[in-house]
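Q: quick one, fold the following:
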Amino acid sequence: MSFIAWILLGLVAGWLASVIMKTDSSQGPFLDILLGVVGAVIGGFVFNSLGMAGVTGFNLYSLAVSTIGAVILIALGRALSSR
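A: This next block holds a predicted model:
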């Protein structure tokens, strides 16, 4: 995927994850992009570990993988910060 596609996918996935996890009011678009891109890596690793395809390009499946990865990242961050 091109750099711009990663940014757009990251923005949308990060925003969706922040809405799902109710953190959207405390972060801006830059953090959404970062969350979505890192979420794509995490989601790709999790999906590949389960025998499914990870991020396959700029499509709805990759958006779902990235969003799930970003939700996992937010949940891990909450678990670590509550200690």
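Q: distance between the host helix or strand of D32 and the chain's centre?
A: Per DSSP states H and E, D32 falls inside helix 29-49. In terms of Cα atoms, centre = their mean, to the nearest Å, the gap separating the centre of helix 29-49 from the centre of its chain is 4 Å.
Q: what helices or strands is the following helix or strand past it leaning on?
A: As assigned by DSSP H and E, the chain's next helix or strand after helix 29-49 is helix 60-81. When contacts are defined as 3 or more Cβ pairs under 8 Å, 6 or more residues apart in numbering; DSSP states H and E, helix 60-81 packs onto helix 3-20, helix 29-49. The way it works is simple: take the backbone N, C-alpha and C, and place the C-beta from them, glycine included.
Q: tell me the buried residues in the first one?
A: For helix 3-20, burial by neighbour count (16 or more other Cβ atoms under 10 Å) applies to 6, 8-18.
Q: and for the last one?
A: When burial is assessed from 16+ other Cβ under 10 Å, helix 29-49 yields the following buried residues: 32-40, 42-44, 47.
Q: and these, which is closest to S66?
A: Taking Cβ to Cβ as the measure, S66 lies nearest A40 of these, at 4.0 Å.
Q: ok, that closest one touching G10?
A: Yes: A40 lies in contact with G10 (Cβ atoms under 8 Å); the separation is 6.7 Å.
Q: mutual contacts of the two, please.
A: S66 (Cβ atoms under 8 Å, 6 or more residues apart in numbering).
Q: contacts for the helix holding D32, please.
A: Outside of helix 29-49, the residues within contact range by Cβ under 8 Å, 6+ apart are 6-7, 9-15, 17-18, 27, 53-55, 62, 65-74.
Q: what mean pLDDT does it get?
A: Helix 29-49 shows a mean pLDDT of 88.
Q: relative to helix 60-81, how tilted is it?
A: Inter-element angle recorded for helix 29-49 and helix 60-81: 100 degrees (by axes from the mean of the first three to the mean of the last three Cα atoms, to 10 degrees).
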